[in-house]
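>>> Provided below for reference: sequence and predicted model.
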Amino acid sequence: MARGDEAAYRTFYQLYFARLLRYLLVLTGGREDAAREGLQIALLRVVRHIREFESESAFWSWLTVLARSAIIDEQRKRQRFLAVLLSFFHRTQLDVARADSDADVHLWALLEKNLAALSTDERELIDRKYFAGQSIKEIAKALETTEKAVESRLVRVRRKLKDLVLVQLKDETSIQS
């Protein structure tokens, strides 16, 4: 695998895919979507950082470290993103009169404006994931697509929303200067 041998990767995949998935299912408390996401990240890390090992047990230990760190990294990333989204999407509960600052009110207004500017499909995806709390797997099933496709679309929509807000903030800053 270190030399890019595809047959070696296929053999690795046959030997370790199911075993790593079971390991990650235990780590994630049976959450299959999280386990599969962690497995994909771990497999990418294997391909990028593969090297020779003295024994199968040393190799398995290395694989479990990669898989465990992939799960932890993904959970941290998801928690950070959800914390930001929750602060934005609790707008229905936000009492504007008690807003801490004009900047907060302005940021909320920009977010609402840009959410409205998204296409129907993009808004539906955001609504399903962050308002209805559906998992990637549930969304993929409802939309009759793959989980990877849903995650990719979510990444693009979040990036689009972020870029829209940042451009508007930047434009306002340049006008004020």
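Structure's in. What do you need? Quick caveat: nothing in here was measured; it's all calculated off a predicted structure.
>>> where in this protein is the helix or strand with the lowest mean pLDDT?
For the chain, counting by mean pLDDT, DSSP states H and E, helix 102-117 ranks last in confidence among helices and strands (a mean of 78).
>>> tell me the spacing between residue 13 and residue 130.
Residue 13 sits 34 Å away from residue 130, going by C-beta to C-beta, to the nearest Å. All C-beta spots, glycine's among them, are computed from the backbone N, C-alpha and C.
>>> list the contacts for residue 150?
125, 136, 139, 140, 143 (C-beta atoms under 8 Å, 6 or more residues apart in numbering).
>>> kindly recompute the last result at 10 Å.
Applying C-beta atoms under 10 Å, 6 or more residues apart in numbering to residue 150 gives the contacts 33, 125, 128-129, 134-143.
>>> tell me which helix or strand the spatially most central residue of the chain sits in.
Central residue of the chain (C-alpha atoms, centre = their mean): residue 78, 5.8 Å from the mean position. Using DSSP states H and E, residue 78 falls within helix 56-89.
>>> the least confident helix or strand of the chain versus helix 56-89: what angle between them?
100 degrees (axes from the mean of the first three to the mean of the last three C-alpha atoms, to 10 degrees).
>>> elements contacting helix 102-117?
helix 56-89, helix 120-126, helix 147-176 (3 or more C-beta pairs under 10 Å, 6 or more residues apart in numbering; DSSP states H and E).
>>> 6 Å instead, please
When contacts are defined as 3 or more C-beta pairs under 6 Å, 6 or more residues apart in numbering; DSSP states H and E, helix 102-117 sits against helix 147-176.
>>> coming back round to it: and the least confident helix or strand of the chain, how far out from the chain's middle?
23 Å (C-alpha atoms, centre = their mean, to the nearest Å).
>>> what does stretch 168-177 give?
30 Å.
>>> and the helix or strand residue 47 falls within, average pLDDT?
Residue 47 belongs to helix 32-49 when assigned by DSSP H and E. Mean pLDDT, helix 32-49: 91.
>>> what angle sits between that helix and helix 147-176?
Here helix 32-49 points in a direction 80 degrees away from that of helix 147-176 (the same axes, to 10 degrees).
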